[in-house]
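Q: From the sequence below, what's the structure:
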Amino acid sequence: MMKSLLTGLALTLTMAATTARADDIVRYRGTLEKVDGSTLTIKPRTGDSITVTFANDTKILAATTGQLADIKSESYIGTAAIPQPDGTQKALQVTVFASSLRGTADGHYPWDLGSNSTMTNGAVGTLSGTEGRTLLVKYQGGEKKVTVPDDVPVTLVDPGEKSILVPGSKLVAFTKKGADGTLSAPILIVGRNGTVPSM
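A: Reported below is the predicted structural model:
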């Protein structure tokens, strides 16, 4: 029963995260200022505070600070990176997903952490190196070689719950604008204990 529930959660998150990388999704990274029922006030890293609503089906994920050693062979990861002239990717950050989230947003696609940045989500096929890491990340339909410098931030992500929506927390809100202009969040990644989600 538990295996079925976890598989269902992973599939749901895969679909939600796939939606969350679509063109109509805008990611806001910042600090949670206020929680009022199902409404959040978020202060982005730049610009004025925004108001975002969330619902019962919003996927809330908890982020904690990891380290390079947490990236292992067969880990399921997401890595924002910059393409290199030789065809490899140089990581800007790495997110290591809990096993129950395996399959989340599988693939390789554009991202918004700088010019030409990409996001690659997949399983680590091979891993080499002691100072930094070189990863072969395999996803459905392809693979990418990713170099991970030893100073790149690593975040561990697990399923979360509404109780982690605490003012002062750092978060990434994947938002969608409604016809009336209001922002709603299908996905929230919330840092625990001062963690800043690196995604």
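Q: show me where pLDDT drops low in the protein?
A: 1-23, 129-132 (pLDDT under 70).
Q: Can you classify residue 92 by secondary structure?
A: With DSSP: H, G, I helix; E, B strand; the rest coil as the basis, residue 92 sits in strand.
Q: For it, give me its contacts.
A: 79, 80, 81, 82, 113, 114, 117, 152 (C-beta atoms under 8 Å, 6 or more residues apart in numbering). C-beta coordinates here come from the backbone N, C-alpha and C atoms, glycine included.
Q: what's the neighbour count on the fourth one?
A: Burial of residue 82, expressed as a neighbour count using other C-beta atoms under 10 Å, amounts to 16.
Q: cool, and the first one?
A: Residue 79 is surrounded by 30 other residues when neighbours are defined as other C-beta under 10 Å.
Q: Just list whatever residues bridge to it.
A: Beta bridges link residue 79 to residue 94, residue 120, judged by DSSP bridges.
Q: Please pick the buried ones from the contacts of residue 92.
A: 79, 80, 81, 82, 113, 152 (16 or more other C-beta atoms under 10 Å).
Q: these two touch, right, the fourth one and residue 120?
A: Right, the one you point to is residue 82. No: counting by C-beta atoms under 8 Å, residue 82 stays clear of residue 120, with 11.5 Å between them.
Q: Find residues that contact each of the two.
A: residue 89.
Q: Tell me how far residue 104 lies from residue 167.
A: In this view, residue 104 and residue 167 are 27 Å apart by C-beta to C-beta, to the nearest Å.
Q: Tell me where this structure has strands.
A: 25-36, 39-44, 50-53, 59-65, 76-83, 89-97, 107-110, 118-128, 133-139, 142-148, 154-159, 170-177, 183-191 (DSSP state E).
Q: Rebuild those strands as a markdown table, extending it with distance to residue 199.
A: Putting those into a markdown table (distance: least, C-beta to C-beta, whole Å) gives the following:
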| stretch | distance to residue 199 |
| --- | --- |
| strand 25-36 | 8 |
| strand 39-44 | 15 |
| strand 50-53 | 17 |
| strand 59-65 | 8 |
| strand 76-83 | 7 |
| strand 89-97 | 5 |
| strand 107-110 | 13 |
| strand 118-128 | 8 |
| strand 133-139 | 15 |
| strand 142-148 | 15 |
| strand 154-159 | 7 |
| strand 170-177 | 5 |
| strand 183-191 | 6 |
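Q: Compute the first-to-last residue distance for stretch 124-133.
A: Stretch 124-133 has an end-to-end distance of 11 Å (C-alpha to C-alpha, to the nearest Å).
Q: wait, stretch 39-49
A: For stretch 39-49, the end-to-end distance is 13 Å (C-alpha to C-alpha).
Q: can you check stretch 181-195 too?
A: OK, stretch 181-195 end separation, C-alpha to C-alpha: 30 Å.
Q: buried residues in that stretch?
A: 183, 184, 185, 186, 187, 188, 189, 190, 191, 192, 195.
Q: Please apply the same query to stretch 37-49.
A: Here stretch 37-49 shows 40, 42 as buried, counting by 16+ other C-beta under 10 Å.
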